[in-house]
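Asks: here are the coordinates; sequence isn't available:
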């Protein structure tokens, strides 16, 4: 716990608010834990640097965007903030840490620099001290505490405002008043999960920057926007630790809005992009990104939990009682049945009962719960009790065949033809281990009479190929007109130089209901791999691969196997276990997606289709040569993942929410590539200190194993008529619980 004077320094300094303070945050007296704000903050550059040229209504809209995702604090790093920004913060009750215009000022030691220091810092205080939104001053960013800062602070700045605390955000040589120094608040940048949480400071501390968003790992972002979803896993864990530590006032993401600017066309006719890049919680056009929804969840001031057949609520406000929060509920069966809820409980209380008025649990039907702030915005949304989606399986094409057996034929060239009688596909494996699949159509009652009748029936034309992508943060740190499109390539290449050790061998097992096929080989001097297939008579394939690494040391971001599909097999559907119980439909990480198409464009580096124009589409639909953000992003922890053509013929994978699927368009080979990764992590964000997903080192002699459960099938579409005994299929279709013979 902090001493009372620390709280007093924060609580008594707000001047008159345009809106009564008790309507914004409850009454300003919540210092029991000495977290005098609702401990959620954001570090932003563009709000301070560029908003001044926008109309006031746009600035209000910007502040509302951040407020509506549970952000209550903006650090104006590191530029003089626009008057419109400050007025909007005053009106809407956004707290401001006003930072003075000093960044990396290691040379601030001579007389001329002293004159500027005194002038710039004094003007910042005088110009902004009448804004009630300003609750703290930062004397500069990531600079050493030189004698000039010392002189300016003691002889000038401190005399201009004795009512607010001072900090020196991320600077070296910081010393707080309790240790005889000048500062009220100690700050750290990027402490990470390895911060010494067990030691409680006796002075207020702020993480002025943490959880830097993905930006500089540009090659990874070109290939896989899904790293933006993975970013939130460790950040959530980090925030929980911040919240549980009494001396920590809050922590600030870097940054608020993307730092990208389209320049006038050069001689090449291209409008090049300059700036640091896409490091914002929202993008330049104020569209939601994956991090937008993550931030809203991580910083939510109300958290609802299921408990038996009821629900309880944790109140993370510092002042507001739960009785001031509005709760609503709705059944997730499309019936329109809904109602209100209520709870009571003071700040920082847990386990408060949430009463859902008129709600009766319905077997197999989930419920949605919303919590709305007294200020009118939705704090968060939760889903509970949804039925789990079932696996897409093959249409049964067995005719009169009564058992699920397997037929294997070996050609003189060593290739294998494998036909499961209980499935819909004929599989072929070349002598060197390349796999292909064709959907069969029943011409008679016997599996031997199946024949392919259309080019649409070809679903796979190669693979598996091993992919081991190294973590990288390659690409320029700051974009310019000469380097904004000369980095790359995207990290999509599989290992080169496959050479099989010999023709595939097979053995029939389990009374001819399965065939085991072994394939071994090497990838140049990089790895040796053994593939073991189990072709089941039911039409599924269980593949296990084991690699032994012989290449240079690497820290992989993803390891898995890639299959080559015809370019026409490009409608992506999935079901996955998400980090949050609910996702809006414009999020790439949503748990269910149906028939998402790649919609590629001709540019790898531009965010097609809009380029520099104001986009009409969601962020998830921005695209490049590999596909849209939605299509090419990794769907982590999938249970079902499949690609289909226009004839509803599909290749699908299933897992116990332990594998990760990714697809992209390969324009060189005119194909769609489908990855099943056994390892996938946060990637090469150089400022990330919150990594919790699996990270391994591949050194010479190291081994790694993974599995894939694969099938090829024709999707059976049933009418989209909802009935009581039906549950939602991950592809948006319906499967009857009482009709086991008609599976999609």
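Replies: On my side now, so go ahead. These numbers were taken from a predicted model, which means no experiment stands behind them.
Asks: from now on I want contacts and neighbour counts done on CA atoms only, so please keep to that.
Replies: Will do.
Asks: output the below-cut-off pLDDT ranges for this structure.
Replies: Of all residues in the chain, those with pLDDT under 70 make up the ranges 1-58, 387-403, 441-455, 610-612, 717-744.
Asks: let's verify the closest residue to residue 298 other than its chain neighbours: helix, strand, or coil?
Replies: Leaving aside its chain neighbours, residue 298 sits nearest to residue 236 (5.6 Å; criterion: CA to CA, 6 or more residues apart in numbering). Counting by DSSP: H, G, I helix; E, B strand; the rest coil, the backbone at residue 236 sits in helix.
Asks: so residue 236 touches residue 291, yeah?
Replies: No - applying CA atoms under 8 Å as the test, residue 236 and residue 291 come out as separate, 11.4 Å apart.
Asks: any idea which element residue 228 lies in?
Replies: helix 227-243 (DSSP states H and E).
Asks: for that helix, which outside residues touch it?
Replies: Defining contact as CA atoms under 8 Å, 6 or more residues apart in numbering, one finds that helix 227-243 is touched by 39, 192-193, 197, 211, 213-214, 220-221, 248, 250-251, 290-291, 294, 298-299, 579, 589, 633-634, 681-683, 690-693.
Asks: which residues are in contact with residue 149?
Replies: The neighbours of residue 149, taking CA under 8 Å, 6+ apart as the test, are 108, 114, 117, 139.
Asks: nearest to residue 262, of these?
Replies: Each of these was scored against residue 262 by CA to CA, and residue 139 proved nearest at 31.9 Å.
Asks: which one in this protein is furthest away from the centre?
Replies: Most distant from the centre of the chain: residue 412, at 49.7 Å, with distances by CA atoms, centre = their mean.
Asks: so who does that residue touch?
Replies: Contacts were defined as CA under 8 Å, 6+ apart; by that measure residue 412 touches no other residue.
Asks: renumber starting at 361 from here on
Replies: Taking 361 as the first residue, the last one we looked at is residue 772.
Asks: assign it to helix, strand or coil.
Replies: Classification of residue 772 using three-state DSSP returns coil.
Asks: ok, residue 1003 next?
Replies: For residue 1003, the secondary-structure state derived from three-state DSSP is strand.
Asks: how about residue 516?
Replies: Using three-state DSSP, the secondary structure recorded for residue 516 is helix.
Asks: contacting residues around the helix or strand hosting residue 548?
Replies: Residue 548 is located in strand 546-549, with elements delineated by DSSP H and E. Identification of contacts with strand 546-549 by CA under 8 Å, 6+ apart yields 527-531, 534-536, 563-570.
Asks: go again using 6 Å as the cut-off
Replies: Taking CA atoms under 6 Å, 6 or more residues apart in numbering as the criterion, the residues outside strand 546-549 that touch it are 529-530, 565-570.
Asks: buried set for that strand?
Replies: The neighbour-count criterion (16 or more other CA atoms under 10 Å) identifies 546-549 as the buried residues of strand 546-549.
Asks: from the chain's centroid, how far away is it?
Replies: The gap between where strand 546-549 is centred and where its chain is centred comes out at 26 Å by CA atoms, centre = their mean, to the nearest Å.
Asks: what's the answer for stretch 1015-1028, then?
Replies: Going by CA atoms, centre = their mean, where stretch 1015-1028 is centred and where its chain is centred differ by 16 Å.
Asks: so which residues of the stretch 611-760 of the chain form strands?
Replies: According to DSSP state E, counting those that start in this stretch, the stretch 611-760 of the chain carries its strands in the segments 619-622, 633-637, 662-667, 670-675, 686-691, 698-702, 712-716, 727-732, 738-744.
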